[in-house]
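Engineer: Okay, here's the prediction I keep looking at, along with the sequence it came from:
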Amino acid sequence: MTETIVLTIPAGARGAGVVALVLGGLGSRLDLSIDRVDELTLAADVLGAAALHERLELAMTVEDDRLLVRMGPLENGAVSEQGRRRVLEPLVDRVGVVACEGREYAELELARGERG
């Protein structure tokens, strides 16, 4: 079963607690470890700092074996910026960039099970 939850929150530190709470709840539905959820939350925080506006849109899709998080709009090049990419890649299973209405959005994927 696939389910998507869409939120619009304040960007940056003001919305970080909401993101952590929602990702924690969704991660528990997939039986993800607290460490995996914390890594995903950290990745979302890193990207949230690159929000293009004062509001950040999140679309979180729960599938049988993974959690997908699309967030943005972000500053152009935010996801591919080398320093940010170096932080993101060890935290999640996949980092992608998608365009939506001419704006850059990040897509993060966290699969069920431990990385290794």
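Structural biologist: Noted; the coordinates are in hand.
Engineer: Please count neighbours and contacts with C-alpha atoms only from this point.
Structural biologist: Fine.
Engineer: So what touches the longest helix anywhere in the chain?
Structural biologist: When the chain is parsed with DSSP state H, its longest helix is helix 13-29. Under the contact criterion CA atoms under 8 Å, 6 or more residues apart in numbering, helix 13-29 has outside partners Ile9, Ser33, Ile34, Val37, Leu40, Thr41, Ala44, Asp45, Val62, Leu67.
Engineer: Run a quick neighbour tally on the first one.
Structural biologist: If I follow you right, that is Ile9. Burial of Ile9 is recorded as 16 neighbouring residues (other CA atoms under 10 Å).
Engineer: what bridges to it?
Structural biologist: Taking DSSP bridges as the rule, Ile9 bridges to Leu56.
Engineer: check contacts around it.
Structural biologist: So Ile9 contacts Gly15, Val18, Arg55, Leu56, Glu57, Leu58 (CA under 8 Å, 6+ apart).
Engineer: The same query, at a cut-off of 7 Å, please.
Structural biologist: Going by CA atoms under 7 Å, 6 or more residues apart in numbering, Ile9 touches Gly15, Arg55, Leu56, Glu57.
Engineer: and the two most separated of the contacts of helix 13-29?
Structural biologist: By the measure CA to CA, Ile9 and Ser33 form the most distant pair in the contacts of helix 13-29, at 25.1 Å.
Engineer: Please, where are all the helices along this protein?
Structural biologist: Using DSSP H, helices in the chain cover 13-29, 34-48, 82-88.
Engineer: CSV for those helices, including distance to Arg94, mean pLDDT and mean neighbour count?
Structural biologist: Output for the helices of the chain, formatted as CSV (distance: least, CA to CA, whole Å; pLDDT from 0 to 100; neighbours: other CA atoms under 10 Å):
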stretch, distance to Arg94, mean pLDDT, mean neighbour count
helix 13-29, 16, 91, 16
helix 34-48, 11, 94, 20
helix 82-88, 9, 94, 14
